[in-house]
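In: sequence and computational prediction follow.
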Amino acid sequence: MYSNSWLYTLSQGHFSPIVPPDCHASTLIANTRFGGHVVYRASLVLDWTAEDGVIGIRSRSVPPAPPGKPSLAPGTPQNQPDLVTIRWEPPINDGGAPVTGYLVEHKRTGSPHWVRATPKLVTKPELTLSGLEPGWRYQFRVSAENSAGMSEPGELSEPLTVTLYRSGVSVPHFMLELKDTTALENEKVEFLVAFRGHPTPKVSWYKDGFEIFSNRRMRVVTEEEQSSLVIFQASFTDEGEIKCTATNRAGHSVTKAKLKLEAPPSIRLPRQYEEGLLFEKDEVIRLKVSVAGRPLPRVTWFHNGEQVTFGGRYEVNNTDKTSSLRVMEARRADRGEYQVKATNRLGEDVASFLVTITDRPLPPGKAKVLMTLGKSVTLSWTEPDDDGGCKIGNYLVEYYRLGWNVWLKAATCRQMTTTLGDLIEGSEYKFRIKAESPYGVSDPSEESDVIFVPDPKRG
């Protein structure tokens, strides 16, 4: 009689004991060389020998392997131009149970969101889709399901344009595309495209993502298979990306270009510069003008026709919009005409203005005695070489009587001649002149020659 009985599994060529034969074997091994079955060996062990038998028991199923990569099926029916068909290979392993259906999903290229293509599972490795938006590229993936569950998604399809096989419909394309353009400021700029597509595409123009419509400065014209954008008096605000799109129900096409503007130099002076600028001696002279131009102009400063050398008392600062000059500790020699010149490869511009440095006047010319008569004397002199930047208001006449050793004020006058009276007879005098302006009184002029006022009593 039998001494013992056991069940053995056969997997990858090896037998392993499982349970006695009167027990139910629930352990399953899939994907063996026997096609998804587990082969059990029943061993009947006797006192003196053993008899072996091999039995086959079907294993418990697992989810299938992923299906193949979807691809676009050519030859969409001509009477259904809005349909597209994709196909894929079934899983190489069904997991021990027949595949009952396929889950097909799609998404737009670049989007992270997958959308189910049909409410129910697809029973065949092929699906015809409709309703996808024209002009977009899509990717597809497929999962397989059996009684044990759903597989992992298969490999993604290549990005597919689903409108390629529509009968009588063609995706728009540009025969003449936009090109990067460089133009001059305030001149007319024109962009032109040529396109095809069926049905006739709708053409739109954009600048930095904002759609352009015809207005008093821009005009969009589309006729037959051409479209143009004209910009009148282009300004630097028009610089950027110019885009033209052509769209119909079959798809979408885009062409882009960069618009860059150039301009010859231009200098703009502040309004107060037109009447000249006034600074006091020892003050800091600050001059600043607006400069425009593309390419960025080179700016040079001149003073009374000579180029300003940077350093020392002079400091220049240039930006892409302004140029400034600072002169430290202003002197009378800093007065005069200042000129700014801006230059680039398109031309040059020059602007000039006057700068006055105010100070007290220089001394007038030497006082001269024109005539003496009794106790009076007539004097004359010349105006100062430098009035200090302001008209002389008065001349101060002073006299010095030898023996008194002090200068005294004798008269104030506006003319450069005067007569002094009531001089003391028998005395010697000398005279000098000072010039007066709103900014102060000059140093005295050179002294006149000494004169003698005779005393008639002494003969």
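Out: Great, that's in hand.
In: which residue is the nearest non-sequential neighbour of Ser290?
Out: Arg268 (4.2 Å; C-beta to C-beta, 6 or more residues apart in numbering). Where you see a C-beta, it was placed from the backbone N, CA and C, and this is true even at glycine.
In: and that neighbour, what does it touch?
Out: Val289, Ser290, Val291, Ala292, Ala351 (C-beta atoms under 8 Å, 6 or more residues apart in numbering).
In: show me which residues of stretch 337-345 are buried.
Out: Within stretch 337-345, the residues that qualify as buried are Tyr338, Gln339, Val340, Lys341, Ala342, Thr343, Asn344, counting by 16 or more other C-beta atoms under 10 Å.
In: list the contacts of that stretch.
Out: Under the contact criterion C-beta under 8 Å, 6+ apart, stretch 337-345 has outside partners 264-267, 287, 289, 291, 293-305, 323, 325, 348-355.
In: one more: stretch 365-384?
Out: Contact partners of stretch 365-384, identified using C-beta under 8 Å, 6+ apart, comprise 361-364, 392, 395, 397, 416-425, 429, 431-433, 435, 442, 445-449, 451, 453.
In: if we use 7 Å, what do you get?
Out: Stretch 365-384 is touched from outside by 361-364, 392, 397, 416-423, 425, 431-433, 435, 442, 445-446, 448-449, 451, 453, with contacts defined as C-beta atoms under 7 Å, 6 or more residues apart in numbering.
In: so which bits of the longest strand seen in the chain are buried?
Out: In terms of residue count, the longest strand belonging to the chain (DSSP state E) is strand 251-268. Judged by neighbour count (16+ other C-beta under 10 Å), strand 251-268 contains these buried residues: 251-253, 255, 257, 259, 261-267.
In: would JSON lines of those with distance to Pro153 and pLDDT be doable?
Out: As requested, those are exported to JSON lines (distance: C-beta to C-beta, whole Å; pLDDT from 0 to 100):
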{"residue": "Gly251", "distance to Pro153": "27", "pLDDT": "89"}
{"residue": "His252", "distance to Pro153": "28", "pLDDT": "92"}
{"residue": "Ser253", "distance to Pro153": "31", "pLDDT": "95"}
{"residue": "Thr255", "distance to Pro153": "36", "pLDDT": "97"}
{"residue": "Ala257", "distance to Pro153": "41", "pLDDT": "98"}
{"residue": "Leu259", "distance to Pro153": "45", "pLDDT": "98"}
{"residue": "Leu261", "distance to Pro153": "51", "pLDDT": "96"}
{"residue": "Glu262", "distance to Pro153": "54", "pLDDT": "96"}
{"residue": "Ala263", "distance to Pro153": "57", "pLDDT": "96"}
{"residue": "Pro264", "distance to Pro153": "62", "pLDDT": "96"}
{"residue": "Pro265", "distance to Pro153": "63", "pLDDT": "97"}
{"residue": "Ser266", "distance to Pro153": "63", "pLDDT": "96"}
{"residue": "Ile267", "distance to Pro153": "67", "pLDDT": "97"}
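In: kindly indicate which of these lies nearest Ile92.
Out: For the buried residues of strand 251-268, the minimum distance to Ile92 (C-beta to C-beta) is 35.8 Å, reached by Gly251.
In: sorry, back to before: among the contacts of Arg268, which pair sits farthest apart?
Out: Ala292 and Ala351 (12.1 Å).
In: quick one on the thing from earlier: of the contacts of stretch 365-384, which belong to helices?
Out: Restricting the contacts of stretch 365-384 to those inside helices, with DSSP state H as the criterion, leaves an empty set.
In: what's the PyMOL line that selects buried ones from those residues?
Out: The PyMOL selection below is limited to those of these classed as buried (16+ other C-beta under 10 Å):
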select buried, resi 361+362+363+364+392+397+416+418+420+423+431+432+433+435+442+445+448+453
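In: please enumerate the strands of the stretch 101-250 of the chain.
Out: Using DSSP state E, counting those that start in this stretch, the strands of the stretch 101-250 of the chain run over 101-108, 115-116, 126-129, 137-146, 149-150, 160-161, 170-176, 181-184, 189-198, 202-207, 210-211, 218-223, 226-231, 240-248.
In: tell me the most buried of those strands?
Out: When you average the neighbours per residue for each of the strands of the stretch 101-250 of the chain (mean count of other C-beta atoms under 10 Å), strand 137-146 leads with a mean of 22.
In: adjacent strands (with direction) for that one?
Out: Pairing partners of strand 137-146, with direction, according to DSSP bridges: strand 101-108 (antiparallel), strand 149-150 (antiparallel), strand 160-161 (antiparallel).
In: can I get the ones you listed in TSV with distance to Thr412 and mean pLDDT?
Out: What follows is the strands paired with strand 137-146, written out as TSV (distance: least, C-beta to C-beta, whole Å; pLDDT from 0 to 100):
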stretch	distance to Thr412	mean pLDDT
strand 101-108	95	94
strand 149-150	114	94
strand 160-161	99	73
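In: among these, which comes closest to Glu225?
Out: Proximity to Glu225, assessed across the strands paired with strand 137-146 by C-beta to C-beta, is greatest for strand 160-161 (21.8 Å).
In: what sits opposite Glu337 in the beta ladder?
Out: Beta-bridge pairing for Glu337 (DSSP bridges): Leu354.
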